[in-house]
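[1] pasting the sequence and the predicted model now:
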Amino acid sequence: MKCLTAWVRTYAVLAAVLWAGAASAQGMPMDPSLVAHGVEAEGRERYRDPPVTAEGRYVVVSLAEHRLYLMEAERVVWSTLVGTGTGTRLEGAGQQWDFSTPRGMFRVQRKEKDPRWYLPDWHFVENKLPVPSADDPKRWQRGMLGTSALFLGEGIALHGTSKPELLGQDVSHGCIRMTNEAARELYYAVDVGTPVIIY
């Protein structure tokens, strides 16, 4: 908590640095028709807005603490334990991936209940399976992102998990996992456009 308070106090400086450009998540080559952890954009324009100020509601994710904080100005209104990216690397099918959770400033692009996951190429490479065509129905799966998901773009989402015992560790391919109950609570607590700071 002390770490978070110190961070919020220096927020104005950090916001300027973070706005300079959020890192491209996981170094994943993305088809422009796919956003947010490989889920189809369906023609929706990504949310774009100026950088956040320290007023109003926003989300802070501390990678060092494996915690997500829902903030109002400098006040923590809710918090939960999370799992984050492993930082491992994978190569195959002529591609490379870095499974780190990116640092930077994002915004909630869209929210989805009972979300479907579009299995990216790395899923097949990692499981030593042939990589199917981009439009293969086998690419779509339900349940892998829990019961609720908030998509940030850049291949990253805040979502539930079927393995809550792994939270508090570096366990994901870059996304931020939490219990299904916490993901549902966050789903209703924030709107599309809410800033998300990952540091």
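    Okay, I see it. Numbering: from 1, shown residues only.
[2] going forward, measure contacts and count neighbours with C-alpha atoms only.
    Fine.
[3] now stretch 135-152: buried residues?
    Within stretch 135-152, the residues that count as buried by 16 or more other Cα atoms under 10 Å are Arg139, Met144, Leu145, Gly146, Thr147, Ser148, Ala149, Leu150, Phe151, Leu152.
[4] tally of neighbours for the closest residue to Thr88 other than its chain neighbours?
    Of all residues not flanking Thr88 in the chain, Phe99 sits nearest, at 5.4 Å (Cα to Cα, 6 or more residues apart in numbering). Using other Cα atoms under 10 Å, Phe99 is surrounded by 23 other residues.
[5] same deal with the one 5 residues further on?
    Other residues lying near Gly104 total 21 when counted by other Cα under 10 Å.
[6] how close does it sit to Gln95?
    From Gly104 over to Gln95 the distance is 24 Å, taken as Cα to Cα, to the nearest Å.
[7] partners of the residue nearest to Leu81 when sequence neighbours are not counted in the sheet?
    Nearest residue to Leu81 in three dimensions, chain neighbours excluded: Arg67, at 4.6 Å (Cα to Cα, 6+ apart). Beta bridges link Arg67 to Ser62, Leu81, judged by DSSP bridges.
[8] what residues are up against Arg67?
    Residues in contact with Arg67 (Cα atoms under 8 Å, 6 or more residues apart in numbering) are Val61, Ser79, Thr80, Leu81, Val82, Gly168.
[9] which secondary element of this structure has the worst mean pLDDT?
    Ranked by mean pLDDT, DSSP states H and E, the weakest helix or strand in the chain is strand 34-35, scoring a mean of 32.
[10] look through the chain and report the residue furthest from the middle.
    Largest separation from the mean C-alpha position in the chain: Pro130, at 26.5 Å (Cα atoms, centre = their mean).
[11] could you pull up phi and psi at the residue lying closest to that one once chain neighbours are set aside?
    Of all residues not flanking Pro130 in the chain, Phe124 sits nearest, at 6.3 Å (Cα to Cα, 6+ apart). Phe124 has phi and psi values of phi -70, psi -40 when expressed as degrees, to the nearest 10.
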